[in-house]
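**Q** Sequence first, then the predicted structure:
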Amino acid sequence: MTMEKTVNIMVVDDEEIVRESLTSWLEEDGYHVECAEGGKKALERLPERNWDLMLVDLKMPGMDGIQLMDEVHKTSPDMLVIIMTAFATVDTAVKAMKKGAYDYFVKPFNPDDISLTIRKIVDHRKLVQENQFLRKELKKQYKLRDMISKNEKMLEIFDLARTVARSNSTVLIQGESGTGKELLARAIHDESPRTNAPFISVSCASLTESLLESELFGHEKGAFTGAAALKRGKLELAQDGTLFLDEIGDISLKLQMDLLRVLEQREFRRVGGSDLIAIGSRILAATNRDLKKAIAEGRFRPDLYYRLNVISIHIPPLRERREDIPLLVEHFIEKFNIEMGKEIRGVSEGAMRIMVDNEWPGNARELRNVVERAMVVAKGNLITEADVSLSSSGPGANPGAKSLEEIEKEHIRLVLNENHWNIVRSAHTLGIDRVTLYNKIKKYGLKREGVAPKE
Amino acid sequence: MSVPPASFEAGRNQHSSTKILKELLGEVPKDALKLLGITGMDLCIPILTYVFGEAQLGGTAAVVSTARLRQEFYGGAPDRPLFLERVRKESLHELGHTFGLIHCRSGECVMHLSNTVVDVDAKGRNFCTYCRTVAASNAGGGSGK
């Protein structure tokens, strides 16, 4: 005799003698059996345990066995239900099986039949559970901290990230908006010996040149008008940790020069200061721009590029690794289930198809937003097609516009107006981050139109 | 004692083992550890077409039917040694349940589940070491010799 997980069986029948005799007979087989005298009671007892099987009488006052099975399957779609009935008609048997009953027994049934059926179910459940366990084990290898993928290129990136984490080399992470550049930077930091020191992130695109300068280097008291007190910059705050320079492609040529000097000499001065401060931190940088093109156009210093690009990692966009979409959806559902206190079990086939087929210009971040929204509006435990709302406006929305850029500009204007120019909300709707939205507003010269309605 | 008339299920021409068990429980002598009833009647429970016996798991009483243990039931010639062997096995089996034993995976053990006489004949005639130990410890005994 081997020790096994207890099998939990719920018997639902309105006749006490049936409940009693079936319970004692099943208990002799070592199962844990509990009873309910009707559908309502059965549904109440459902959350009490992790039931493996329900034996449900077809004819009961109030809710009948098939109605009960339907209700159970709404919250526990995998529950195995065996329908029992004293009145055998082909119609009800077919109906029960079509509705998803695992089996159908006519009372009284042969003891051998039920023994075999339950043994089969138990063995099947064991295989399913083993399979789920192995899948989870397998998935662990697909993970790098908060990143998850089974795409070959991404797995190579994970390997590379783990390797470079141990070095002090500068890493340049490139990839479209929303592909997870900051996540990768954080992962490199977390995997590195610097993991207990700070991880400091600076978004270079959101600040003007002078602000960014004081943000990076800090300033002495009185260095300029408004510099009322000494301020330590991010370079200093990062101490022996990691400094992550996001949107590095957006900084001015002057700052590029300053930064290059700092990287080469590994020391700097605060704005208005004279003391040299040594840099102990490791530098990671990221951009969604084509830096080679920027160099060709004279907007980016080649020497800084080579300085940053010691190790180069390019994260592929989501549409080039569609096999990751189901994995990411599952990952986001798990994450939001915890955050929202929900119990979403998964995604309907149709909804998954829509998501796998989508182009995802906003990449994994956009997917995350779509899943989050779907989880908020989902009525049951399953995300269905109706819950998935993709932000693409579709063809015909702008019949006059011709180029992709024009459509993007129009769409951004539309979303901004809809959100009364609330940047955070608009960026969320668009599935891009704030910085990217600011850039696009700048790029297209978008302005708040007329008198905005009051919030 | 005779089989209680109330246990008769007219529609099935069988006796309810559950009802017999209840009657048996009222008849347990004060100094008895366990009470085993043996009947020639065919037994059933409401959801099963027949049972060889029924017991209170970890309780006092058990009942065994000899009806389906005879070769004659299946149209064969009487075989008394085989019949007695089957009665012995099923009696031990039901008594085992009263000592808290559940069905055993070992085909060598008398606690192995047997829904047919083929199963009964195939399994062993004694408790396996594991079941003997569990039964002994449930009975509050020692090493289960």
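**A** Yep, that arrived.

**Q** pLDDT weak spots in the chain?
**A** Since you didn't name a chain, this refers to chain A. The model of chain A has pLDDT under 70 over residues A:1-5, A:88, A:137-141, A:391-402, A:449-455.

**Q** I was after chain B.
**A** B:141-145.

**Q** For it, which segments are assigned as helices?
**A** B:17-25, B:80-98, B:117-122, B:129-138 (DSSP state H).

**Q** what comes up buried for stretch A:299-307?
**A** A:300-301, A:304-305, A:307 (16 or more other Cβ atoms under 10 Å in any protein chain shown). (C-beta placed from N, C-alpha, C; glycine too.)

**Q** Over to the most centrally placed residue in chain A: give its phi and psi.
**A** Taking Cα atoms, centre = their mean, the centroid of chain A lies closest to A:Phe332, which sits 2.8 Å from it. The phi/psi pair for A:Phe332 (degrees, to the nearest 10) reads phi -70, psi -40.

**Q** Point to the residue nearest the middle of chain B.
**A** B:Glu94 (3.4 Å).

**Q** what's around the residue in the stretch 151-300 of chain A positioned nearest to chain B, how many residues?
**A** Of all residues in the stretch 151-300 of chain A, A:Leu155 sits closest to chain B, at 42.7 Å by Cβ to the nearest Cβ. Neighbouring residues of A:Leu155 were enumerated by other Cβ atoms under 10 Å in any protein chain shown; the total is 14.

**Q** before we move on, back to that, right, so the helices of chain B: which one is the most enclosed?
**A** helix B:17-25 (a mean of 21; mean count of other Cβ atoms under 10 Å in any protein chain shown).

**Q** which strands and helices sit next to that one?
**A** helix A:16-27, strand B:35-39, strand B:43-45, strand B:53-55, strand B:61-65 (3 or more Cβ pairs under 8 Å, 6 or more residues apart in numbering or on different chains; DSSP states H and E).

**Q** Not counting its neighbours along the chain, what's nearest A:Lys221?
**A** A:Leu230 (4.8 Å; Cβ to Cβ, 6 or more residues apart in numbering or on different chains).

**Q** For that neighbour, give me its contacts.
**A** A:218-221, A:270 (Cβ atoms under 8 Å, 6 or more residues apart in numbering or on different chains).

**Q** Next: B:Val134.
**A** If you count contacts by Cβ under 8 Å, 6+ apart, then B:Val134 has B:99-101 around it.

**Q** So among those residues, which ones count as buried?
**A** B:99, B:101.

**Q** Between the contacts of B:Val134, which sits nearest A:Asn417?
**A** Distances from A:Asn417 to the contacts of B:Val134, taken as Cβ to Cβ, are shortest for B:Gly100 (74.5 Å).

**Q** Serialize the buried residues of stretch A:299-307 to CSV and add fields for distance to chain B and secondary structure.
**A** CSV is the format used below for the buried residues of stretch A:299-307 (distance: Cβ to the nearest Cβ, whole Å; DSSP: H, G, I helix; E, B strand; the rest coil):
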residue, distance to chain B, secondary structure
A:Phe300, 72, coil
A:Arg301, 75, coil
A:Leu304, 71, helix
A:Tyr305, 69, helix
A:Arg307, 69, helix
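
**Q** quick one on the thing from earlier: doesn't B:Val64 make contact with the residue nearest to the centre of chain B?
**A** Yes. Contact criterion Cβ atoms under 8 Å: B:Glu94 and B:Val64 qualify, at 5.4 Å.

**Q** Now for those two: what residues contact both?
**A** Shared contacts of B:Glu94 and B:Val64, counting by Cβ under 8 Å, 6+ apart, come down to B:36, B:53.

**Q** Between all of the buried residues of stretch A:299-307, which two are separated the most?
**A** A:Phe300 and A:Arg307 (11.6 Å).

**Q** Can you tell me how far A:Asp64 is from A:Pro47?
**A** 22 Å (Cβ to Cβ, to the nearest Å).

**Q** who's more crowded, these two?
**A** Neighbour count, other Cβ under 10 Å: between A:Asp64 and A:Pro47, A:Asp64 has more, with 19 against 10.

**Q** Next, count neighbours for B:Arg68.
**A** 17.

**Q** interface residues of chain A facing chain B?
**A** Within chain A, the positions near chain B by Cβ under 8 Å from any Cβ of the partner chain are A:1-2, A:15, A:17-18, A:20-22, A:24-25, A:27-30, A:84, A:107-112, A:114-115.

**Q** out of the residues you listed, which are buried?
**A** Buried, going by 16+ other Cβ under 10 Å: A:1, A:15, A:18, A:20-22, A:24-25, A:27-30, A:84, A:107-108, A:111-112, A:114-115, out of the residues of chain A next to chain B.

**Q** quick one: the residue nearest to the centre of chain A and A:Asn369 touch, right?
**A** No. Between A:Phe332 and A:Asn369 no contact is recorded; they are 9.3 Å apart, counting by Cβ under 8 Å.

**Q** sorry, back to before: so which of the contacts of A:Leu230 are in helices?
**A** Among those, no member lies in helices (by DSSP H).

**Q** Max pairwise distance over those residues: which two?
**A** Maximum distance among the contacts of A:Leu230 (Cβ to Cβ): 10.8 Å, for A:Gly218 and A:Lys221.

**Q** neighbour count winner among the two?
**A** Taking neighbours as other Cβ under 10 Å, A:Gly218 and A:Lys221 compare with A:Gly218 leading, 24 against 12.

**Q** give the contact list for the more buried one.
**A** Residues in contact with A:Gly218 (Cβ under 8 Å, 6+ apart) are A:230-233, A:235-236, A:270-271, A:273.

**Q** that older thread, out of the helices of chain B, nearest to A:Ser214?
**A** Proximity to A:Ser214 (Cβ to Cβ) singles out helix B:129-138 among the helices of chain B, at 76.7 Å.

**Q** for that closest one, the distance to its chain's centre please.
**A** Taking Cα atoms, centre = their mean, to the nearest Å, one finds helix B:129-138 lying 18 Å from the centre of the chain it belongs to.

**Q** Please apply the same query to stretch A:58-74.
**A** Chain-centre distance of stretch A:58-74: 36 Å, with Cα atoms, centre = their mean.

**Q** again, but for stretch A:185-202
**A** The answer for stretch A:185-202 is 21 Å, by Cα atoms, centre = their mean.

**Q** Pull out the buried positions in it.
**A** Buried residues in stretch A:185-202, defined by neighbour count with 16+ other Cβ under 10 Å: A:185-192, A:194, A:197-202.

**Q** number of nearby residues for A:Ile383?
**A** By other Cβ under 10 Å, neighbour count at A:Ile383 equals 25.

**Q** now it, which residues is it bridged with?
**A** Under DSSP bridges, the beta-bridge partners of A:Ile383 are A:Val347.

**Q** Quickly note the distance from B:Ala55 to B:Ser2.
**A** From B:Ala55 over to B:Ser2 (counting by Cβ to Cβ), the distance is 20 Å.

**Q** The two: who's more crowded?
**A** B:Ala55 (25 against 5).

**Q** Can you name the residues that contact the more buried one?
**A** Applying Cβ under 8 Å, 6+ apart, the residues contacting B:Ala55 are A:28, B:21, B:61-63, B:94-98.

**Q** where do the helices sit along the stretch 201-350 of chain A?
**A** A:209-217, A:234-237, A:253-265, A:291-296, A:302-308, A:324-340, A:349-357 (DSSP state H, counting those that start in this stretch).

**Q** In the stretch 351-455 of chain A, what residue lies closest to chain B?
**A** A:Asn381 (31.9 Å).

**Q** circling back to that earlier point, hang on, the residue of the stretch 151-300 of chain A closest to chain B packs against A:Lys143?
**A** No. A:Leu155 lies out of contact with A:Lys143 (Cβ under 8 Å); the separation is 10.3 Å.

**Q** packing partners for the helix or strand hosting A:Leu414?
**A** For A:Leu414, the host element (DSSP states H and E) is helix A:404-418. Applying 3+ Cβ pairs under 8 Å, 6+ apart, one finds that helix A:404-418 contacts helix A:423-430, helix A:434-444.
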